[in-house]
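>>> okay, predicted coordinates and the sequence, questions at the end:
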Amino acid sequence: MQQRTLGTQGLTVGSIGYGAMGTVFAYGPADDTESIAAIRRAHDLGVTHFDTAEMYGWGAGERLLGAALAPVRDEVTIATKFGFTADDWAPDSRPEHIREVVDQSLRNLGTDSIDLLYQHVHDPAVPIEDVVGVMAEYVQAGKVKYLGLSNTDGDQLRRAHAVHPISAFQTEYSVFARESEELFPLVDELGIGLVAYSPLARGFLGGAVQPRSAYPEDDIRHMLEWWAPEHFDQNVAVVRALTAIADEHGVSLSQLSLAWILAQRDDVVPIPGSKNPDRVAQNVAAAGVVLTADDLTRIDALSRDVRGKRIESRV
């Protein structure tokens, strides 16, 4: 698989990574055996970057990913994130909490060092300079290699980068979610790479989208406006049009969607996640899909027809 560089500090990963949230959290029931098989299939097919977080099962996701990658730990990079409390899901980046979580993440993952450590979400109660200062302590101690920020804004990125180089900005980015493009000039200025989570729009671009009623009540798609009754039919129409473009190339909708992301920048790495090994293989194959300038123009136009925000205002 082609390699891509995130930031200017030396972090190089495969052009498509693996997002492990769904192995334990948010998308219905999971099977550890199948999830581990999916993770290992990804590695076998050339994926080198794997992403998880403390809040994905409050350690369960890290333990599962660590176990799955233990035989090939030296061949991959692992990213994890801190920044929430388990009691009420509130932001918590107090220095003492960061240290507690990161130390536990190292134990959960069964590793001596975390390749990429993110603050998961901005905490308005703690200056970003203090947050990055604690993160940098782990770099200096050899327990973390690179730093990143997720779900943040331009001011936080700039201030964080002034304390310690930030290698990656993780943001939701897909044909359906393009809000973060307004930050592209800043990350270019600072030399920060992009990691695109939910690149298949929480499954809307997976090729088998269904109405909300088809998903369990605890499924995250009940909180996403794309599935709201007033938006769903319009968004399905966008999917049909995108699928027609995919059919012209003999590829799946998910492959077209991932190829579109890869074509936007040479320093963006999407991290699709799947618990199904065959779907993982399909996602990885997107790295070989080449889109024409006309394809990109058509996809861009269709993306403007998407209705609804990424999440509902009540979330």
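Structure's in. What do you need?
>>> now do the strands in the stretch 151-300 of the chain.
For the stretch 151-300 of the chain, the strands defined by DSSP state E, counting those that start in this stretch occupy 168-172, 193-197, 268-270.
>>> does His231 touch Asp305 like I think?
No: using Cβ atoms under 8 Å, His231 makes no contact with Asp305, being 10.8 Å away. To be clear about C-beta, it is placed using only N, CA and C from the backbone, and glycine gets the same treatment.
>>> the two: which is more packed in?
His231 (16 against 11; other Cβ atoms under 10 Å).
>>> burial count for Phe232?
Neighbour count of Phe232, defined by other Cβ under 10 Å: 19.
>>> ok now do it, which residues does it touch?
For Phe232, the contacting residues are Pro211, Arg212, Trp226, by Cβ atoms under 8 Å, 6 or more residues apart in numbering.
>>> by neighbours, which of the residues you listed wins?
In terms of neighbours by other Cβ under 10 Å, the contacts of Phe232 top out with Trp226 at 26 neighbours.
>>> that one reaches Phe204, doesn't it?
Yes: if you go by Cβ under 8 Å, Trp226 and Phe204 touch, sitting 5.5 Å apart.
>>> now the closest residue to Gln234 other than its chain neighbours: how far from Phe232?
Excluding its sequence neighbours, the residue lying closest to Gln234 (Cβ to Cβ, 6 or more residues apart in numbering) is Arg307, at 4.7 Å. Per Cβ to Cβ, to the nearest Å, Arg307 is found 9 Å from Phe232.
>>> residues shared between the contacts of the two?
By Cβ under 8 Å, 6+ apart, Arg307 and Phe232 have these common neighbours: Trp226.
>>> can you classify Leu147 as helix, strand or coil?
strand (DSSP: H, G, I helix; E, B strand; the rest coil).
>>> give the contact list for it.
By Cβ under 8 Å, 6+ apart, Leu147 lies in contact with Leu116, Leu117, Tyr118, Val132, Met135, Ala136, Val139, Ala160, His164, Pro165, Ile166, Ser167.
>>> can you do 7 Å?
Leu117, Val132, Met135, Val139, His164, Ile166, Ser167 (Cβ atoms under 7 Å, 6 or more residues apart in numbering).
>>> part of a strand, is the first one?
So that's Leu117. Yes: assessed with three-state DSSP, Leu117 lies in a strand.
>>> gap between it and Tyr56?
15 Å.
>>> swap in the second one?
Distance, Val132 to Tyr56, using Cβ to Cβ: 23 Å.
>>> and the third one, by the same measure?
For Met135, the distance to Tyr56 (Cβ to Cβ) stands at 19 Å.
>>> neighbour count: the two, which is higher?
Counting neighbours by other Cβ under 10 Å for Met135 and for Tyr56 shows that Met135 has the greater number, 26 against 23.
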